[in-house]
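Q: mind looking at a prediction? Sequence and model below.
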There are 2 protein chains.
Amino acid sequence: MKLDRHPSNPILKPNPNNAWEALNVFNCSVVTSHGLFFMFYRAQGVNYTSSIGGAISADGVHFNRLQQPILSPQDDWETLGLEDPRITYLADESRYIMAYTAYSPQRITPMFAESKNLFTWQRIGPLVVGEDNKDHVLFPRRIRGRYVTFHRRPPGIWLAYSDDLRNWTDFKPLMGPRPGHWDDNRIGAGGIPIETEQGWLCIYHGYDQQKVYRLGTCLLDLEDPSKVIARPKEFIMEPEEPWELEGDVPNVVFTAANPVIDGTVYVYYGGADRVIGLATCSLKELLEFTRRG
Amino acid sequence: MKLDRHPSNPILKPNPNNAWEALNVFNCSVVTSHGLFFMFYRAQGVNYTSSIGGAISADGVHFNRLQQPILSPQDDWETLGLEDPRITYLADESRYIMAYTAYSPQRITPMFAESKNLFTWQRIGPLVVGEDNKDHVLFPRRIRGRYVTFHRRPPGIWLAYSDDLRNWTDFKPLMGPRPGHWDDNRIGAGGIPIETEQGWLCIYHGYDQQKVYRLGTCLLDLEDPSKVIARPKEFIMEPEEPWELEGDVPNVVFTAANPVIDGTVYVYYGGADRVIGLATCSLKELLEFTRRG
């Protein structure tokens, strides 16, 4: 099974009119609300500093961008940028949590921020400090009373748990690279885990010894996501289009967003760290593919 | 009593990077929700065709604009543009109604549109067809079971009533120009009427024989807005700043938005049909000034 690329791809390109997004627009989060798609994307100016831009769409394909970033570097943790936003809606708390990577010459830090309106954000704080850790993604509800997040300790995907989104404990490895496969070098989480009756359906990225990024899936136990129910050997997407093969970093498809609308999974992904593409599939088919393992 | 101009004025200017808003940005509506200000402004490109642009702000002063219009000319009624949006939130129906003027070589038409999310709009239809009629503003709730709208039949402000926002009846004159005063030539409604215990507090515009636009107030009976309780002789604002005195049309302050936040009235206004300004006042003071008449 493979994802279907949208014919309008790439759906977002760098905008030379705005210095902050003149070079690259790529890894993004997409939240749906009131029948609209709200995109939050990593944007780089020619100095390679990343900000988070915002855009709105009625169809998920044609986005109307805000002229200024939603979030720009603000403190010493972020002097080189805010990267790779992943936004989780906590429905029972009516608030949004953004996981993003703060980047500075001193450190790379997996951070959380919160918002009630998607436009104004308050920094919460880091998941962990002083190690190479990113690709963190908060699950959309508490599990057994605790918040759960993916994160990445090289070369694999880990879990961590918290009561308050501030103090994180029980760091546990979940999945690692698989020797001889497309994901035999490093892996990291993708968008927000999709809750299904069969478990948490997750799309993740991996790359091989040639540093070709691909997307794959796994299924985790609903009440204990440290249990991997299924992890197919096949990937669901690999770089094929010119703008996936070449850009700022070659051979990259990287997703941080997989909202489900009317049974269709919308996979938004950065293409070669330069543009944003959209690929879709049926949730039912993706779940069956993943369960077959 | 006079409104206080904000020191950051003008808060919005034409943007030469976008053809559709390169010439003028002026008359606007501002809706508050989730602690944010959503502005919808009339924008003109160098061909003088008007579109409705959108912008978001956390403080009501610094706005982040969408790069493409929210509404652009779509049909024969609008070939020369959509003008002067005024957005009313009908709380008990959880929907927004936009009153706007459709402009074409054949006619000028006061129109209504509706939205659940402020971003995607469906045209409802005209208030009336085939006459010089504009400056229509829907009241924020039904009164005695019916929707009520201001509109302008030269030279004065009229009322009209409807059960469904489609069929309008009982067109009645409300107020006209006052000979010898600042509003002795023509008048028209401003933003959404503000409901107070003393009545509907309204800001309106008027101009004199020299075509100098000013803003004034009136108070209407809560359950029968055809009854004018008070109408001070003094205006609350007149053109003073260079960008109010000169622009595309000289000597214009024109408001279509007066949201109230924590007891402060935020009056957004077009300055000389070229830029957007903000002036504020205390709701309590404005009401007392108006009641004193």
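A: Right, received. Where do you want to start? Residues are numbered from 1 along each chain as shown, chains lettered A, B, ... in the order given.
Q: kindly check the end-to-end length of stretch A:126-145 for me.
A: Stretch A:126-145 has an end-to-end distance of 21 Å (criterion: CA to CA, to the nearest Å).
Q: could you do stretch A:229-242 as well?
A: With CA to CA, one end of stretch A:229-242 sits 35 Å from the other.
Q: average pLDDT for that stretch?
A: For stretch A:229-242, the mean per-residue pLDDT is 98.
Q: ok, stretch A:201-219 next?
A: Here the average pLDDT along stretch A:201-219 is 98.
Q: how far off centre is the longest helix belonging to chain A?
A: Longest helix of chain A, by residue count under DSSP state H: helix A:283-292. Relative to the centre of its chain, helix A:283-292 is centred 20 Å away, using CA atoms, centre = their mean, to the nearest Å.
Q: same for that helix, what does it pack against?
A: With contacts taken as 3 or more CB pairs under 8 Å, 6 or more residues apart in numbering or on different chains; DSSP states H and E, helix A:283-292 sits against strand A:194-196, strand A:199-207, strand A:213-220, strand A:228-230, strand A:264-271. The way it works is simple: take the backbone N, C-alpha and C, and place the C-beta from them, glycine included.
Q: got JSON lines for the ones you listed, with mean neighbour count and distance to A:Tyr147 too?
A: Converted to JSON lines, the helices and strands packed on helix A:283-292 look like this (neighbours: other CB atoms under 10 Å in any protein chain shown; distance: least, CB to CB, whole Å):
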{"stretch": "strand A:194-196", "mean neighbour count": "17", "distance to A:Tyr147": "15"}
{"stretch": "strand A:199-207", "mean neighbour count": "24", "distance to A:Tyr147": "14"}
{"stretch": "strand A:213-220", "mean neighbour count": "25", "distance to A:Tyr147": "15"}
{"stretch": "strand A:228-230", "mean neighbour count": "17", "distance to A:Tyr147": "20"}
{"stretch": "strand A:264-271", "mean neighbour count": "26", "distance to A:Tyr147": "24"}
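Q: select, out of those strands, the one closest to B:Lys211.
A: Checking the helices and strands packed on helix A:283-292 against B:Lys211 by CB to CB gives strand A:264-271 as the closest, at 51.9 Å.
Q: list the contacts of that closest one.
A: Applying CB atoms under 8 Å, 6 or more residues apart in numbering or on different chains, the contact partners of strand A:264-271 are A:3, A:9-10, A:26-30, A:37, A:39, A:42, A:60, A:191, A:194, A:203, A:215, A:237, A:239, A:241, A:243-244, A:247, A:252-260, A:276-283, A:286.
Q: what subset of these is buried?
A: Buried subset of those (neighbour count, 16 or more other CB atoms under 10 Å in any protein chain shown): A:3, A:9-10, A:26-30, A:37, A:39, A:42, A:60, A:191, A:194, A:203, A:215, A:237, A:239, A:243-244, A:247, A:252-260, A:276-281, A:283, A:286.
Q: stretch A:105-113 and chain B, are they touching?
A: No. Judged by CB under 8 Å from any CB of the partner chain, stretch A:105-113 stays clear of chain B, getting no closer than 14.4 Å.
Q: state the mean pLDDT of that stretch.
A: The predicted model assigns stretch A:105-113 a mean pLDDT of 97.
Q: cool, and stretch A:146-162?
A: Computed over stretch A:146-162, the average pLDDT equals 98.
Q: whichever residue of the stretch 151-293 of chain A sits closest to chain B: how many residues sit nearby?
A: Closest approach between the stretch 151-293 of chain A and chain B, counting by CB to the nearest CB: A:Ile261, at 14.6 Å. A total of 14 residues lie near A:Ile261 under the criterion other CB atoms under 10 Å in any protein chain shown.
Q: check A:Val129 too.
A: Neighbour count for A:Val129, taken as other CB under 10 Å: 12.
Q: go on, A:His6?
A: Considering only other CB under 10 Å, A:His6 is surrounded by 17 other residues.
Q: any idea how far it is from A:Thr264?
A: Separation of A:His6 from A:Thr264 (CB to CB, to the nearest Å): 11 Å.
Q: what is in contact with the two at once?
A: Residues touching both A:His6 and A:Thr264 by CB under 8 Å, 6+ apart: A:Thr280.
Q: list the contacts of A:Ser226.
A: A:Ser226 sits next to A:159, A:172, A:174, A:220 when contact means CB under 8 Å, 6+ apart.
Q: please repeat the previous calculation with a cut-off of 6 Å.
A: By CB atoms under 6 Å, 6 or more residues apart in numbering or on different chains, A:Ser226 lies in contact with A:159, A:172.
Q: so it versus A:Trp200, what's the distance?
A: Taking CB to CB as the measure, A:Ser226 falls 11 Å from A:Trp200.
Q: could you do A:Asp262 as well?
A: Distance of A:Asp262 to A:Trp200, computed by CB to CB: 20 Å.
Q: quick revisit: the contacts of strand A:264-271 in strands, which ones?
A: Secondary structure from DSSP state E places A:26-30, A:37, A:39, A:42, A:194, A:203, A:215, A:253-257, A:260, A:276-282 of these in strands.
Q: which ones are touching A:Glu246?
A: A:Ala272.
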